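A.B. asks: Structure of the sequence below:
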Amino acid sequence: MKKSATAVLDAHGLRKTDIRLKVVDRLRLSKVAMSQPDLELEFQNETDRVTIYRTLHTLEEKGVIHRIIDLAGVSRYALCDEACDSHQHTDEHMHFHCLHCGNIYCLDIPALPSYPLPVGYNLQNIRLSAEGTCPSCN
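C.D. replies: Numbers count the residues shown, from 1 in each chain. The predicted structure follows:
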């Protein structure tokens, strides 16, 4: 089971503000990556869009969440692996875009291919995505 929102923020040395706890908890419980507008709608009576934007920015910067760009160019967010931090995202995995419902799923595939780079290149991130139909839409 994934850590509680409080434990996640503690592990990354972040203050436990109400909105950070709520965003982390919502992403922790979600099976799909969520966009800022999704979160704005969910928390519309509790905070404003600027606070959600700043919260997402901070959480991504500290390695708590990662961003996935969907087929329409919209940023979506999902909780990172526990090993990620502000220096490096280490949870390289495949993202699956459902062409029917539009959801994005993080898939844990044990052996991702390695990509050796020429001398002088410094790898920061690999984005691997697949498109098709999710089990719910099949």
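
A.B. asks: Distance check, the residue positioned nearest the centre of the chain against Phe96.
C.D. replies: Note on the chain: the residue nearest the mean C-alpha position is Ala78, at 2.1 Å, using C-alpha atoms, centre = their mean. Distance, Ala78 to Phe96, by C-beta to C-beta, to the nearest Å: 12 Å. Just so you know, the C-beta spots here come from the backbone N, C-alpha and C atoms, and that holds for glycine as well.

A.B. asks: Next, please give the residue ranges for the helices of this structure.
C.D. replies: Per DSSP state H, the chain carries helices over the ranges 5-11, 18-29, 36-42, 49-61.

A.B. asks: What segments of this protein are strands?
C.D. replies: Listed in chain order, the strands of the chain (DSSP state E) span 34-35, 65-69, 75-79, 94-98, 104-107, 128-132.

A.B. asks: neighbouring strands for the second one, and are they parallel or not?
C.D. replies: With DSSP bridges as the criterion, the sheet partners recorded for strand 65-69 are strand 75-79 (antiparallel).

A.B. asks: Tell me which residues of the partner strand come out buried.
C.D. replies: Arg76, Tyr77, Ala78, Leu79 (16 or more other C-beta atoms under 10 Å).

A.B. asks: beta partners for the second one?
C.D. replies: As for beta bridges, Tyr77 partners with Met34, Arg67 under DSSP bridges.

A.B. asks: one step back: of the strands of the chain, which stretch is the most buried?
C.D. replies: strand 75-79 (a mean of 21; mean count of other C-beta atoms under 10 Å).

A.B. asks: Go ahead and measure how far that one is from the middle of the chain.
C.D. replies: Centroid separation for strand 75-79 versus its chain: 3 Å, with C-alpha atoms, centre = their mean, to the nearest Å.

A.B. asks: Centre of this structure to the edge, which residue is at the far end?
C.D. replies: Val119 (30.3 Å).

A.B. asks: what sits in contact with each of Ala78 and Phe96?
C.D. replies: Ile104 (C-beta atoms under 8 Å, 6 or more residues apart in numbering).

A.B. asks: show me where pLDDT drops low in this protein?
C.D. replies: The model of the chain has pLDDT under 70 over residues 1, 82-91, 110-111.

A.B. asks: Brilliant, that's me finished.
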